[in-house]
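> The following block contains a protein sequence and its predicted model.
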Amino acid sequence: MNERLRSLILHQETLKTCVRCTGMIGPVVMGHAVLSPVVLIGQAPGAKEGQFGKPFAWTAGKTLFKWFAEIGIGEDDFRRNVYMAAVCRCFPGKNPKGGDRVPAPEEIAHCADWLNAELRLLRPKLIIPVGKLAIRQILVADRLDQVIGLRHELRREGLDADVIPLPHPSGASTWHRREPGKTLLYNALRLIHGHPAWGEVCRGSSDGFLT
């Protein structure tokens, strides 16, 4: 087995046991251990993701994978060939005022150790943060329209990656369904489609990335 893959599998086995955040609701949710040139960073799992044992397993995922199908890859192939990370890996619980609770800064900091370790190990060529919380872990951004629809560079801790953010596909959000969000989403998907790392994912098999 490839040494990097062995390290990634060990990383995930350790991550599964994480209980740093007492306010979070397990289980830990993560994608497949795949040595991919593309890393997707979500925000945090919802109530259904722990039940299904995979990220973006419910309504928002249907929209997200519809976007990706439009640029060349279906859900099953995406899950096999793209590393799916997140800002937080456990369900934060519900906000008493409605919707899911936004993770606290200390919870984000706890989980950042896992994310940063994955980025150092994988050394991706393309990072796709999804939603404002994920985008702000990678880029400085006050508003979505400042960063979506553009390609950015990430140069830190030995990383040399392009970053193409996406809005969150939540059904509660209208940002991606009205202007300027609709056009900016289209531009972002076009940039992802044209990126060499996306071409590798679309052409390759999971076996190709695992070796």
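Received it, and whenever you're ready, just let me know what you need. Residues are numbered from 1 along each chain as shown.
> Flag the shaky bits of this structure, pLDDT-wise.
For the chain, applying pLDDT under 70 flags the ranges 205-211.
> which residues of it fall in strands?
With DSSP state E as the criterion, the chain has strands at 38-42, 83-86, 126-129, 152-156, 159-163.
> What lies in contact with the second one?
If you take Cβ atoms under 8 Å, 6 or more residues apart in numbering as the criterion, strand 83-86 is touched by 29-32, 34-36, 38-45, 54-56, 111, 114-115, 118, 122, 124, 134. The way it works is simple: take the backbone N, C-alpha and C, and place the C-beta from them, glycine included.
> next one: the first one
Residues from elsewhere that reach strand 38-42, judged by Cβ under 8 Å, 6+ apart: 31, 55-56, 81-87, 115, 118-119, 122, 124-131, 134, 137-138, 197-198, 200-201.
> List buried residues within these.
31, 55-56, 81-87, 115, 118-119, 122, 124-131, 134, 137-138, 197-198, 200-201 (16 or more other Cβ atoms under 10 Å).
> Can you flag which of those belong to helices?
81, 115, 118-119, 122, 134, 137-138, 197-198, 200-201 (DSSP state H).
> who's in contact with residue 130?
Residue 130 makes contact with 40-43, 64, 165-169 under the criterion Cβ under 8 Å, 6+ apart.
> scratch that, residue 117
Contacts of residue 117 by Cβ under 8 Å, 6+ apart are residue 11.
> Quick check: phi and psi on the residue nearest to residue 186 when sequence neighbours are not counted?
Nearest residue to residue 186 in three dimensions, chain neighbours excluded: residue 149, at 7.9 Å (Cβ to Cβ, 6 or more residues apart in numbering). Main-chain torsions, residue 149, degrees, to the nearest 10: phi 90, psi 0.
> Hmm, residue 149 is touching residue 189, no?
No - the pair residue 149 and residue 189 does not pass the contact test of Cβ atoms under 8 Å, sitting 9.4 Å apart.
> Those two: which has the busier surroundings?
Neighbour totals were compared for residue 149 and residue 189, and residue 149 leads with 21 against 18 (other Cβ atoms under 10 Å).
> what's near enough to touch that one?
Residue 149 touches 183-188, 191, counting by Cβ under 8 Å, 6+ apart.
> can we see that at 6 Å?
Counting by Cβ atoms under 6 Å, 6 or more residues apart in numbering, residue 149 touches 184, 187-188.
> now the spatially most central residue of the chain: how far from residue 102?
Closest residue to the average C-alpha location of the chain: residue 41 at 1.9 Å, with Cα atoms, centre = their mean. Here the criterion is Cβ to Cβ, to the nearest Å. By it, residue 41 lies 16 Å from residue 102.
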